[in-house]
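J.: Curious how this folds, go ahead:
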Amino acid sequence: MGNANVEDANEALQAQAHIWSHAFNFVSFMSLKCALDLGILEIIQNHGKAMTITELVVALPMLNPTKACDIYRIMRILVHSGIFARQKLYNDAQEEGYVLTNSSRILLKDNPFCITPALNAAMDPVITKPWSFLSTWFQNDDHTPFAITYGETLWDYFAHDPQLKDLINDGLASDSQLVTNVLVDKCKEAFEELNSLVDVGGGTGTTAKAIADTFPHMECTVFDLPNIVAGLQGSKNLKYVGGNMFEAFPTRDAILLKKVLHDWNDEGCLKILKRCKEAISSQDKVGRKLIIIDMVVRENEKVNDEASNLTKIQLFFDMLMLVLVAGKERQQEEWAKLFSAACFRSYKITPIVGFTSLIEVYP
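T.: Okay, here's the model as predicted:
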């Protein structure tokens, strides 16, 4: 009996540790935000070598002297999280300093693939507050937890908070920079035969610009709401057109939807897909297709820790879509069902980078 109690207690302690690790996930999140706000990453980068805690404290311009003794605690948790690493100052020295890792380098402002704008958007209090109303949402008729929190949709909220709108648009553009760079290199064959393409919901045109530069023979159009594309300048083979994707959009050889469909529930997605089908079916050309850049959730894949972690990130994004806009990330079976309902003939999925895939859909 005594041994059984000990085993039960050990299992309970392991379960407790597991739950606390989940409950305190926000600590890593907010500690990273603190490091970004204080400029710690840029300070270590500019130092040019491993930086001691004493050197870091001296370099922090706005640090209250009474808080200097606690900076090591922020650094300690972020070392444990893989944002920073410790490195000996000299080969035979015992003293260590802090250096950046691959994870922190992608947050540097001068990194061409910097994702800090996307991180700032995810960390904004306006975005994090609705999570407190998730359980309430499950018990009422509101559209989203965001709508419970602010009394309107995220899209309507943008009208009186242009700063948040710009923050999220900057975040989307930073995400596009990295994904598009890999896309035009790894998936060139998906674009090479096309003479024209319209990027529906293309924002400020980060993706379309990269495609237009890589394929100068292709006529590229960025299509988004008039207030988003107003004043944006095109180029020789790139132009901007304003409109509503639920009504009509320009007809081209191919339509591109990059991380658009995950913003919508199945009903909204089906409306968009049917518009796409109508638009490309009106083109009497070989090679017409819809190109989707979005997640394909691989919920049951547990091949290794990396694959499991990528799936976890996909599921995080799925919950984010639920809380903010009533959208979702989809498994292959869910994509197939939507394509069939919109009367598309076939599709092909190509994983391109991390947790994102290229989906070519044929009329």
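
J.: What distance do you get for L167 to F339?
T.: L167 sits 33 Å away from F339, going by CB to CB, to the nearest Å. Using the backbone N, CA and C atoms, a C-beta is placed for each residue, glycine as well.

J.: likewise I291?
T.: As defined by CB to CB, I291 lies at a distance of 13 Å from F339.

J.: for the record, mean pLDDT for stretch 243-250?
T.: Rounded to a whole number, the mean pLDDT of stretch 243-250 is 87.

J.: swap in stretch 228-237?
T.: The average pLDDT within stretch 228-237 is 90.

J.: Go ahead and name everything in contact with that stretch.
T.: 169, 203-205, 209, 212, 216-220, 222-223, 240-242 (CB atoms under 8 Å, 6 or more residues apart in numbering).

J.: Now restrict the residues you listed to buried residues only.
T.: The neighbour-count criterion (16 or more other CB atoms under 10 Å) marks 169, 203-205, 209, 212, 218-220, 222-223, 240 among the contacts of stretch 228-237 as buried.

J.: out of those residues, which are inside strands?
T.: Among these, DSSP state E puts 219-220, 222-223, 240 in strands.

J.: Out of those residues, the closest to Q45 would be?
T.: Closest approach to Q45 among these (CB to CB): V222, at 33.4 Å.

J.: beta partners for that closest one?
T.: V222 forms beta bridges with D199, Y240, as assigned by DSSP bridges.

J.: how close does it sit to L358?
T.: Relative to L358, V222 is positioned 19 Å away (criterion: CB to CB).

J.: ok, now Q14?
T.: 41 Å.

J.: For stretch 224-241, which residues meet the burial criterion?
T.: Using 16+ other CB under 10 Å as the burial criterion, the residues of stretch 224-241 that qualify are 224, 228-229, 234, 237-240.

J.: Those: which two are farthest apart?
T.: Comparing the members of the buried residues of stretch 224-241, the greatest separation, given CB to CB, is between I228 and N237, at 20.5 Å.

J.: residue ranges of the helices in the stretch 151-300 of the chain, please?
T.: Counting by DSSP state H, counting those that start in this stretch, the stretch 151-300 of the chain has helices at residues 154-157, 162-186, 206-214, 226-229, 266-281.

J.: Out of these, which is the most enclosed?
T.: Mean neighbour count (mean count of other CB atoms under 10 Å) peaks for helix 206-214 among the helices of the stretch 151-300 of the chain, with a mean of 21.

J.: what's in contact with that one?
T.: Applying CB under 8 Å, 6+ apart, the external contacts of helix 206-214 come out as 172-173, 176-177, 179-181, 183-184, 188, 191, 197, 199, 202, 218, 220-222, 235, 237-238, 256, 258, 293.

J.: Only alpha carbons, please: show the helix or strand harbouring M321 as PDB.
T.: Using DSSP states H and E, the element containing M321 is helix 305-325. Extracted C-alpha coordinates of helix 305-325, given in PDB (Å, rounded to 0.1, in the frame of the first residue of the first chain):
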ATOM      1  CA  ASP A 305      10.200  16.000 -32.200                       C
ATOM      2  CA  GLU A 306      10.600  18.600 -35.000                       C
ATOM      3  CA  ALA A 307       7.500  17.300 -36.800                       C
ATOM      4  CA  SER A 308       5.500  17.200 -33.600                       C
ATOM      5  CA  ASN A 309       6.600  20.800 -32.800                       C
ATOM      6  CA  LEU A 310       5.500  22.000 -36.200                       C
ATOM      7  CA  THR A 311       2.100  20.400 -35.700                       C
ATOM      8  CA  LYS A 312       1.800  22.100 -32.300                       C
ATOM      9  CA  ILE A 313       2.500  25.500 -34.000                       C
ATOM     10  CA  GLN A 314      -0.200  24.800 -36.600                       C
ATOM     11  CA  LEU A 315      -2.600  24.000 -33.800                       C
ATOM     12  CA  PHE A 316      -1.700  27.300 -32.000                       C
ATOM     13  CA  PHE A 317      -2.400  29.200 -35.200                       C
ATOM     14  CA  ASP A 318      -5.700  27.400 -35.600                       C
ATOM     15  CA  MET A 319      -6.800  28.500 -32.100                       C
ATOM     16  CA  LEU A 320      -5.600  32.100 -32.900                       C
ATOM     17  CA  MET A 321      -7.900  32.100 -36.000                       C
ATOM     18  CA  LEU A 322     -10.800  30.900 -33.800                       C
ATOM     19  CA  VAL A 323     -10.300  33.600 -31.200                       C
ATOM     20  CA  LEU A 324      -9.800  36.500 -33.600                       C
ATOM     21  CA  VAL A 325     -11.700  36.000 -36.800                       C
END
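
J.: In it, which residues are buried?
T.: 310-311, 314, 317-318, 320-325.

J.: what distance separates it from the centre of its chain?
T.: On the basis of CA atoms, centre = their mean, to the nearest Å, the separation between the geometric centre of helix 305-325 and that of its chain is 10 Å.

J.: quick one, that helix and helix 266-281 angle?
T.: Note on geometry: by axes from the mean of the first three to the mean of the last three CA atoms, to 10 degrees, helix 305-325 and helix 266-281 are set 100 degrees apart in direction.
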